[in-house]
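Undergrad: Quick one, structure for this:
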Amino acid sequence: ILCGYTQSVFSGRKIEALLQDSVRMMWLAQGYEPSYRTINRFRSNPLIEEILRECFVQFRNQLVEKELIEEDAIFIDGTKIEANANKFTFVWRKSTEKYSDNLIEKSNQLYDELLEKEIIPAIERENQEELSVQEMEKVVEKLDEKMEEYNEKIEACEVGSERKKIRSERKFPKRARKQFEDFIIRKQKYQNDMEIFGNRNSYSKTDPDATFMRMKDDYMKNGQLKAGYNVQIATEGQYALAYDVFPNPTDTRTLIPFLNTIEDHFFELPEHIVADAGYGSEQNYEDILENRNRIPLITYNQYRKEKKKKHRENAFHVDNWEYNEE
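TA: Got it, this is the predicted structure:
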C-alpha cells in the first residue's frame, strides 16, 4: 500500500492491478495477490493507524543504527492539505453564535409574553438568561394542555359568535407552540454545531473534522478558503520521522501539541528544535526551554526586520526605546 502511495496510486483496484504488473510490488507482496476488497478492508481498519506509527518508530531506529541521520536536532514544518469535502458547505462559529443569541432573545420574549397573558404558568428554570431544550419542551407541553382546553370549550359551545371568539383566542398559543417547536430544533442544531467546533472557528458539513483555512495561492495567485487539514512533519536528513494532523490553520498553535505527540508516540526529543518564523511565539519558546529543557532554533516574524539598519535607527519604534524601570 505504501509503495502504491509513493507512485500516486491510491485506488484499491489499481493497487491490486500493480500486484500483477509491477515486479517491485510482486516482490514486496511475496507472490500474494490480495483483492482490492482485502486491501480496502485492511487500510480502513482502526488498528492501522497504530501499525503505521510503529513503522515510523522502527524506521527511525534503523536510520539511527545505520548512521544515516544525526540525533541532535529535528526540523519541523507543516503544509495544508485540502480535504475531500464540498467547498460550499461551511459552518462558521460567528454566525452560529449570532443566530443562537437571536434565538435566546426571541424565546425569552415569547415566554415572557405567554406569562404576561396568563396563557401558561411559570416553569422552573435553571438559568434566567436562556431557556434550555428541556425547558422549551415543558413550555410546549403546557401549550398543548392549553390548546386542549380551548378545543374542549369550542366543542362545548353552541353559540357561533362565542366559538369564533374562542378560536380567535386560540390563535396566539397555537402560533407560540409552533414557534417553540422550531426553537427546540434550532437550539439542538446550534448546540451540536458548537460541540463540533471545539476550539475551531469553522467546519465543513461533509467533513466535520476539516476546518476552513486559507490555502497557498494557486497558479492564478488566488489564495482561497477551503476545507483542509494542517499536517505537521518532523524531519532529519530529509527523512520524515514523525507526523500529526491538526484542524487549526496557524502553525504557531500546533507546535506544542506536535512536540507532545512526538514525545508520547515516536521518540525522545533531541537537543535542538528547528522551525521557521511561523512557529515563533513567546509561549512556544517558554515551553521548549522551561518544560522540555531543549533549545529552540526558531525565529519570530519581526526577527529579520529588526536586524536591518533602517529599523534599528528608527526612533519611533518602541523596540528602540530605552527602558526606564523607575
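
Undergrad: Helices along the stretch 101-250 of the chain, start to end?
TA: Counting by DSSP state H, counting those that start in this stretch, the stretch 101-250 of the chain has these helices, from start to end: 133-156, 160-197.

Undergrad: Select, out of the ones you listed, the one closest to residue 64.
TA: helix 160-197 (40.9 Å; Cβ to Cβ). Just so you know, the C-beta spots here come from the backbone N, C-alpha and C atoms, and that holds for glycine as well.

Undergrad: Quick one: list the elements packing against that closest one.
TA: Where contact means 3 or more Cβ pairs under 8 Å, 6 or more residues apart in numbering; DSSP states H and E, helix 160-197 is packed against helix 93-116, helix 133-156, strand 202-204.

Undergrad: so that helix versus helix 93-116, what angle?
TA: 150 degrees (axes from the mean of the first three to the mean of the last three Cα atoms, to 10 degrees).

Undergrad: Could I get the CA-only coordinates of the helix or strand containing residue 297 as PDB?
TA: Element membership for residue 297, per DSSP states H and E: strand 295-298. Written as PDB, here are the backbone C-alpha positions of strand 295-298 (Å, rounded to 0.1, in the frame of the first residue of the first chain):
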ATOM      1  CA  ILE A 295      16.900  24.700  22.600                       C
ATOM      2  CA  PRO A 296      14.500  26.300  20.200                       C
ATOM      3  CA  LEU A 297      16.200  27.500  16.900                       C
ATOM      4  CA  ILE A 298      13.100  29.300  15.800                       C
END
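
Undergrad: to the chain's geometric centre, what's the distance from that strand?
TA: How far strand 295-298 lies from its chain's middle: 28 Å, per Cα atoms, centre = their mean, to the nearest Å.

Undergrad: Which strands border that strand, and is each parallel or antiparallel?
TA: strand 272-275 (parallel) (DSSP bridges).

Undergrad: Centre of the chain to the strand ranked longest in the chain, how far?
TA: If you go by DSSP state E, the chain has its longest strand at strand 225-236. Relative to the mean C-alpha coordinate of its chain, strand 225-236 is positioned 13 Å out (Cα atoms, centre = their mean).

Undergrad: Quick one: mean pLDDT for it?
TA: What strand 225-236 shows for mean pLDDT is 89.

Undergrad: So which of the helices of the stretch 101-250 of the chain is nearest residue 47?
TA: Between the helices of the stretch 101-250 of the chain, helix 160-197 lies closest to residue 47; by Cβ to Cβ that is 25.9 Å.

Undergrad: mind listing what's buried in the closest one?
TA: 166, 170, 173, 176-177, 180, 183-184, 186-187, 190, 193, 196-197 (16 or more other Cβ atoms under 10 Å).

Undergrad: Just the residues contacting the strand holding residue 297, thanks.
TA: 73, 271-277, 279-280, 284-285, 288-289 (Cβ atoms under 8 Å, 6 or more residues apart in numbering).

Undergrad: quick one: what helix or strand has residue 283 in it?
TA: Residue 283 belongs to helix 282-286, assigned by DSSP H and E.

Undergrad: tell me what that helix is packed against?
TA: helix 255-265, strand 295-298.

Undergrad: Tell me which of those sits nearest to residue 231.
TA: helix 255-265 (10.3 Å).

Undergrad: Show me what that closest one is packed against.
TA: Short answer (3+ Cβ pairs under 8 Å, 6+ apart): helix 255-265 packs on strand 73-82, strand 225-236, strand 239-246, helix 282-286.
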